[in-house]
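> predicted model and sequence follow; I will ask about them next.
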Amino acid sequence: MTQGIDKLLIANRGEIAVRIIRAAKALGIPTVAACSEADVDSLAVRMADEVHVLGPARADKSYLNVEALLGALKATGANAVHPGYGFLSENADFAEAVVAAGAIFVGPSAETIRRMGDKAEARRTAQAAGVPVVPGSPGELFDVESALKAAGVVGFPLLIKASAGGGGRGIRLAQNAAQLAEEFPRSQREAQAAFGNGAVYLERFIGRARHIEVQVLGDGQHAVHLFERECSLQRRRQKIFEEAPSPVLSQQQRESLCASAVRLTESLGYKGAGTLEYLYDEATGEFFFIEMNTRIQVEHPVSELITGIDLVQAMLRIAGGEPLGFKQSDIQLNGAALQMRLNAEDPQRDFFPSPGLVEELIWPQGEGIRVDTHLYQGYRVPPYYDSLLAKLIVHGPDRAEALRRAKAAVEQTTLSGMASTLTLHGELLEQPWLHSADFHTGTLETWLAARRSGGAA
């Protein structure tokens, strides 16, 4: 058992709840699944040592209900909370409330979450640590006049981005001053509705950008990186296919990028796992910090497979008071890993949600294949939450072999009873541009549009 953690409450659901329970069990930590009424028959509930029902299916009555979660802590005697991703994972008030209740929040401090959750403040923090950021406005903007003035320095085209945002919400493109004046209040309204904060800022738009992120671990004193992930294949700014390492960086670029991530992480006195996201301009070879996610990421398995480090176990050890058990020189990059997200969405109907009963389920097996999921045969996927069903993850000695194993993994998978993105990944793996790594953040949507019109291979 890790020092300091006697019993762990999982404040989440789905595959990440299962993932956390497995890591806790490996460390000998008893677990409590805090679930909604809709999730009482979930795999996480079956695996946990204890169960505490938070409330009705609606997230605001269960997984987002801070009082219910604090009540679960008290009722079960758990002294630590792992928030997973989504829900309250980057909510500083929740982290603060957990600590105030005398428990351990498995993640960074509330102060760090607040600081890096505010995108404008995160930019300033990165700049102070000597980390390059996308040219943009020096801080938050609240009216069109100040936005137009800032745009004169940033230049067009540019992006209007929510300061408190994430998940692609509140982001709008402006090609000129007239469009900025039109889109600015819209972005503010969207940001206010999504995050309760209408502040926005401006950022230079990079037309052919790649989305590359660095996985870090910190114990409050020291930090290390687990190399980078390529996450450019996105639909509506949501990642679908991820890989590690990036297939386009030189060794010198990799070292420079990852060193900048460690520098920023250490400047924060960061504790736990985090991810620093960058835009990489292939035309110039420049990379720019855009934001930090102060939690575990959906795509963390690819970093685990290329380094052999269990990130969730590391989070629990650090939260329990242990220092990092390794130095940067101990972490070696081994081969290549790919991850395909399987969602309960119908690619033939513009990704319409399709929850339902899992009728037949066969997962792939073989060398280098891993499946992270909460599904089991006979399970009914509830319609109330994120549509992620599973992650097919493969590892190989190089990218070409990883792609071959990915194709085999898709072909060996059977998931019936609902539409899913499984067949889409099969098509994606046939694309020459994927194999040659000739893509950017707009490639997938362009391919999907061509596929709908019959123009895609």
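Good, I have the coordinates.

> which parts of the stretch 201-350 of the chain are strands?
Residue ranges of the strands in the stretch 201-350 of the chain, as given by DSSP state E, counting those that start in this stretch, are 209-219, 223-235, 238-244, 271-281, 286-293, 336-343, 345-346.

> Glu360: which of those is closest?
strand 336-343 (14.5 Å; C-beta to C-beta). The way it works is simple: take the backbone N, C-alpha and C, and place the C-beta from them, glycine included.

> now that closest one - C-alpha only, PDB.
What follows is strand 336-343, C-alpha atoms only, in PDB (Å, rounded to 0.1, in the frame of the first residue of the first chain):
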ATOM      1  CA  ALA A 336       6.000   3.200 -31.100                       C
ATOM      2  CA  ALA A 337       2.400   3.000 -29.800                       C
ATOM      3  CA  LEU A 338      -1.000   3.900 -31.300                       C
ATOM      4  CA  GLN A 339      -4.400   4.400 -29.700                       C
ATOM      5  CA  MET A 340      -7.800   4.200 -31.400                       C
ATOM      6  CA  ARG A 341     -10.800   5.500 -29.600                       C
ATOM      7  CA  LEU A 342     -14.000   3.400 -30.000                       C
ATOM      8  CA  ASN A 343     -17.100   5.600 -29.400                       C
END
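
> now that strand: mean pLDDT?
The predicted model assigns strand 336-343 a mean pLDDT of 98.

> now do stretch 25-45
Averaged over stretch 25-45, pLDDT sits at 98.

> I'd like to know how many residues surround Ala209.
Applying other C-beta atoms under 10 Å, we find 21 other residues in the vicinity of Ala209.

> OK, contacts around it?
Residues counted as contacts of Ala209 (C-beta atoms under 8 Å, 6 or more residues apart in numbering) are Ser232, Leu279, Tyr280, Asp281, Glu282, His440, Thr441.

> cool, Thr265 as well?
The neighbourhood of Thr265, defined by C-beta under 8 Å, 6+ apart, consists of Val216, Gly218, Ala223, Gly274, Leu276.

> 7 Å - rerun?
Neighbouring residues of Thr265 by C-beta atoms under 7 Å, 6 or more residues apart in numbering: Val216, Gly218, Ala223, Gly274.

> need the max-distance pair from those residues.
Once C-beta to C-beta is applied, the contacts of Thr265 give Ala223 and Gly274 as the farthest pair, at 8.8 Å.

> which neighbours do the two share?
Common neighbours of Ala223 and Gly274 (C-beta under 7 Å, 6+ apart) are Val216, Thr265.

> more neighbours: which of the two?
Taking other C-beta under 10 Å, Ala223 and Gly274 do not tie; Gly274 has more neighbours (27 against 23).

> returning to what we had before: can you put the strands of the stretch 201-350 of the chain in a markdown table and add distance to Leu27?
What follows is those, written out as a markdown table (distance: least, C-beta to C-beta, whole Å):
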| stretch | distance to Leu27 |
| --- | --- |
| strand 209-219 | 16 |
| strand 223-235 | 19 |
| strand 238-244 | 24 |
| strand 271-281 | 15 |
| strand 286-293 | 24 |
| strand 336-343 | 23 |
| strand 345-346 | 35 |
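
> on that earlier part again, buried subset of the contacts of Ala209, written for ChimeraX?
The following ChimeraX line selects those of the contacts of Ala209 that are buried, judged by 16 or more other C-beta atoms under 10 Å:
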select :232,279,280,281,440,441
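
> so which of the contacts of Ala209 sits lowest on pLDDT?
The minimum pLDDT among the contacts of Ala209 falls on Glu282, with 87.

> pretty sure that one contacts His211?
No. Glu282 is beyond contact range of His211, at 11.7 Å (criterion: C-beta atoms under 7 Å).

> give me the distance between Asp41 and Glu445.
According to C-beta to C-beta, to the nearest Å, Asp41 and Glu445 sit 36 Å apart.

> sorry, wrong one. I was asking about Ala164.
From Ala164 to Glu445 the distance is 25 Å (C-beta to C-beta).

> just want to know which of the two has more residues nearby.
Ala164 (20 against 14).

> is it true that that one touches Asp118?
Yes. Using C-beta under 7 Å, Ala164 is in contact with Asp118, at 6.2 Å.

> if we go by neighbour counts, what in stretch 17-25 is buried?
Buried-residue list, stretch 17-25, by 16+ other C-beta under 10 Å: Ala17, Val18, Arg19, Ile20, Ile21, Ala23, Ala24.

> compute the inter-axis angle for the helix or strand where the second one lies and strand 336-343.
Read that as Val18. Using DSSP states H and E, Val18 sits in helix 14-26. Angle of helix 14-26 versus strand 336-343, following axes from the mean of the first three to the mean of the last three C-alpha atoms, to 10 degrees, is 130 degrees.

> touching helix 14-26 from outside, list them.
The contact list for helix 14-26 (C-beta under 7 Å, 6+ apart) reads 8, 10, 31, 33, 43-44, 47-48, 82, 84-85, 310, 312-313, 316, 372-374, 385-386, 388, 390-391.

> narrow those residues to those in strands?
Taking DSSP state E, the ones among those that sit in strands are Leu8, Ile10, Thr31, Ala33, His82, Asp372, Thr373, Leu388, Ala390, Lys391.

> the fourth one against Ala48, yeah?
Yes. Contact status for Ala33 versus Ala48: in contact at 3.6 Å, counting by C-beta under 7 Å.

> more neighbours: which of the two?
Ranked by neighbour count (other C-beta under 10 Å), Ala33 and Ala48 place Ala33 first, with 28 against 25.

> which residues touch that one?
Residues in contact with Ala33 (C-beta under 7 Å, 6+ apart) are Ile10, Ala17, Ala44, Val45, Ala48, Val51.

> quickly list what it is bridged to.
Taking DSSP bridges as the rule, Ala33 bridges to Ile10, Val51.

> any figure for the gap between it and Ala437?
40 Å.

> what of Gly14?
Applying C-beta to C-beta to Gly14 and Ala437 gives a distance of 30 Å.

> between these two, which has more neighbouring residues?
Gly14 (26 against 14).

> run through the residues that contact the spatially most central residue of the chain.
Nearest to the mean C-alpha position of the chain, by C-alpha atoms, centre = their mean, lies Gln297 at 3.4 Å. Residues near Gln297 by C-beta under 7 Å, 6+ apart: Tyr85, Thr275.

> now do it, the pLDDT please.
Per the predicted model, pLDDT is 97 at Gln297.

> the one 5 residues further on too?
The model reports Val302 with a pLDDT of 98.

> residue ranges in the chain under the pLDDT threshold?
Low-confidence segments of the chain (pLDDT under 70): 1-3, 165-168, 455-457.
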